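Trainee: only geometry, no sequence info:
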């Protein structure tokens, strides 16, 4: 639907006070009835969606967790009670990111380890006994005995709501960045730090500990860390192959999503245009052919992108080709329909003028028709391209691959929320960049070269 | 300027324009060829093998559906509740999003005298952001917090709808005739009254027309979001497809149901839109 067909029409003047009264009365009744029905329908949907039950079993702490993890990372200090009783300190509890020597805020001695959580919070870990120093409250003693976990608060202190102490488990989180858990199997202390851990280089890499300034001078120094390659290349490959953040895979996934949208849209536009000529009444006199092509457009559009994607995923497997073809099939229908409407609105005079010069069929289209529909063609194609970047993420999530699938998988594993957040940021940036570029191009191509 | 000079200038401009067009065509062709090559390499199944298998899956579904015979129709009936759920997601999202869009559109129109004019700019930016957020991300995030349910999809679709319809509605508002508004202002009407009696009756038919178009889009979006865990027909599809062989008749029933409902809504919405645009009471 183009905007010209939706131009506002002035209402016909109504004369006579009774007629006006009747009309206003009827209209206000209709509006009231419409509003009432809408509200009733919304009530019905909310009841059928079981909204109250949903709110009661929602888990807002997950949002807090995602938000915290998105901007911070935690370091686990873990002591296993059974088996080897040593203390291990690891970023996010990953075995591959275990500290060889304890960081400055953890002191390990033979019979006791002290974890400093900052701002007066401090945890002393003895063999099976933990003392958690909390400002304004005092020391909380937790003992692991055969009967279970015994928690002793200082005299006269009521247990705060951030502390849960049962015989099975002790769990205290006085602030969002400090947590102590004790069970019969292990003692675990979490301390949060701002920022994403190991975003550039993996924990084990020799590049991990450097500051940005050091890295900069290292990149151009002749002293090679790896004798096989220059330092800047080492940095690039280490970054590119970082196993935690998977920069390479993420980049490929983004490229796949982008390819799906671009290839699908351009193919749909290029296939849709000649078909649209066959569907336009002023170019194709044969009614049967016109009817057939129009029904083909309806068919392609009506099957819907969801079903096309599922069929193509079955036939072509995971990858951008699958998504591109699913988009191309659906949008050949949508764009073909739009183009045929545009073709039916072209001016005959320009076509007749070109025809009168003795132009052949190709020249007739090239100079008589195409210049007239090129603005509609380009602007609608760009418009669909924008929408298809979003569609491509969804098709990807259905199983075609790309950033959509990566996002769904990262969310399903329910770990590494910083990765999820990173992927969300990248997806939104891709969509926004495409929106901006296509918006710029559209205004440039339609309103003249300078752009407005 | 002599005729000759004008002619050379026009020819030069024409030459430049053709050069741009040629460059554009070459660029598009290059993108297509290299893109399809790259896509084919990245894909797990190649184009040629895929082409051979393309009809296998539809054929398998049709065969299984055919073998079901007349019990195919009761099978379709069994999935009607799922379809209703998808339609409800789309309906509720369109209404909630549409209502929000009306508010945003009135605050985001430059010609309606919204008091500090900076509000117009801010509201427009808000609408841009709402439009830019992919529904998938909002839906996945809310599913994670609220659990598998239609509500996350509804909220996700509603947010996108508010942004998209808000922009279209504000464009309609900016085309509205200013005379009724001025007339009302001269009678001492407040801003709300001017909008209610001066602008809304003019723009309502166009609002409804855009609303129907959006509802159609939202039905498709809700079906697709069901596949990532939002309930409705998409969820059923994921279940039957996930089982692999054996559920072809159910998949076929779901496909037919979805295609039929999209077709009916498509026809209904274009019928209503034609009526709205050509005048409400005239046939």
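Mentor: Arrived safely. On a predicted model such as this, the values are computed, not experimentally measured, just so you know.
Trainee: same for the helix ranked longest in chain B, what does it pack against?
Mentor: For chain B, the longest helix by residue count, based on DSSP state H, is helix B:3-42. If contacts are counted by 3 or more Cβ pairs under 8 Å, 6 or more residues apart in numbering or on different chains; DSSP states H and E, helix B:3-42 sits against helix A:247-279, helix A:320-344. Quick note: C-beta positions are derived from backbone N, CA and C, even for glycine.
Trainee: is the first one positioned near chain B?
Mentor: I take that to be helix A:247-279. Yes. Contact of helix A:247-279 with chain B (Cβ under 8 Å from any Cβ of the partner chain) involves A:252, A:256, A:259, A:260, A:262, A:263, A:266, A:267, A:270.
Trainee: for residue A:137, give me phi and psi.
Mentor: phi -120, psi -40 (degrees, to the nearest 10).
Trainee: same deal with residue A:224?
Mentor: According to degrees, to the nearest 10, residue A:224 has phi -90, psi 130.
Trainee: excluding residues flanking it in the chain, which one is nearest it?
Mentor: In space, and not counting its chain neighbours, residue A:224 is closest to residue A:231: 6.2 Å by Cβ to Cβ, 6 or more residues apart in numbering or on different chains.
Trainee: and the pLDDT at residue A:291?
Mentor: With respect to pLDDT, residue A:291 scores 90.
Trainee: which parts of the helix or strand bottoming out on mean pLDDT in chain B are buried?
Mentor: The weakest-scoring helix or strand in chain B, judged by mean pLDDT, DSSP states H and E, is helix B:47-53 (a mean of 76). Using 16 or more other Cβ atoms under 10 Å in any protein chain shown as the test for burial, helix B:47-53 gives residue B:50.
Trainee: could you identify the helix or strand that succeeds that helix?
Mentor: helix B:56-68 (DSSP states H and E).
Trainee: only the buried residues of that following helix, if you could.
Mentor: Residues of helix B:56-68 classed as buried by neighbour count (16+ other Cβ under 10 Å): B:57, B:58, B:61, B:64, B:65, B:68.
Trainee: can you list contacts of the next helix or strand after that helix?
Mentor: Sequence-wise, the next helix or strand downstream of helix B:56-68 (DSSP H and E) is helix B:72-78. Contact with helix B:72-78 is made by B:65, B:68, B:249, B:250, B:252, B:253, B:256, B:257, as judged by Cβ atoms under 8 Å, 6 or more residues apart in numbering or on different chains.
Trainee: let's verify the closest residue to the second one other than its chain neighbours: helix, strand, or coil?
Mentor: If I follow you right, that is residue B:68. Leaving aside its chain neighbours, residue B:68 sits nearest to residue B:249 (4.4 Å; criterion: Cβ to Cβ, 6+ apart). Recorded secondary structure, residue B:249: helix (DSSP: H, G, I helix; E, B strand; the rest coil).
Trainee: could I get the contacting residues of residue B:249?
Mentor: Residues near residue B:249 by Cβ under 8 Å, 6+ apart: B:61, B:64, B:65, B:67, B:68, B:72, B:75.
Trainee: how far away is it from residue A:303?
Mentor: As judged by Cβ to Cβ, to the nearest Å, residue B:249 and residue A:303 stand 19 Å apart.
Trainee: try residue A:404
Mentor: On the measure of Cβ to Cβ, residue A:404 and residue A:303 end up 20 Å apart.
Trainee: neighbour count winner among those two?
Mentor: Applying other Cβ atoms under 10 Å in any protein chain shown to residue A:404 and residue A:303 shows that residue A:404 carries more neighbours, namely 31 against 20.
Trainee: quick check: the more buried one touching residue A:393?
Mentor: Yes. Using Cβ atoms under 8 Å, residue A:404 is in contact with residue A:393, at 4.0 Å.
Trainee: for these two, list the residues in contact with both.
Mentor: A:257, A:427, B:136.
Trainee: tabulate these (JSON lines), appending pLDDT, neighbour count and distance to residue B:130.
Mentor: Shown next, in JSON lines, are the shared contacts of residue A:404 and residue A:393 (pLDDT from 0 to 100; neighbours: other Cβ atoms under 10 Å in any protein chain shown; distance: Cβ to Cβ, whole Å):
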{"residue": "A:257", "pLDDT": "92", "neighbour count": "31", "distance to residue B:130": "21"}
{"residue": "A:427", "pLDDT": "89", "neighbour count": "26", "distance to residue B:130": "16"}
{"residue": "B:136", "pLDDT": "87", "neighbour count": "28", "distance to residue B:130": "15"}
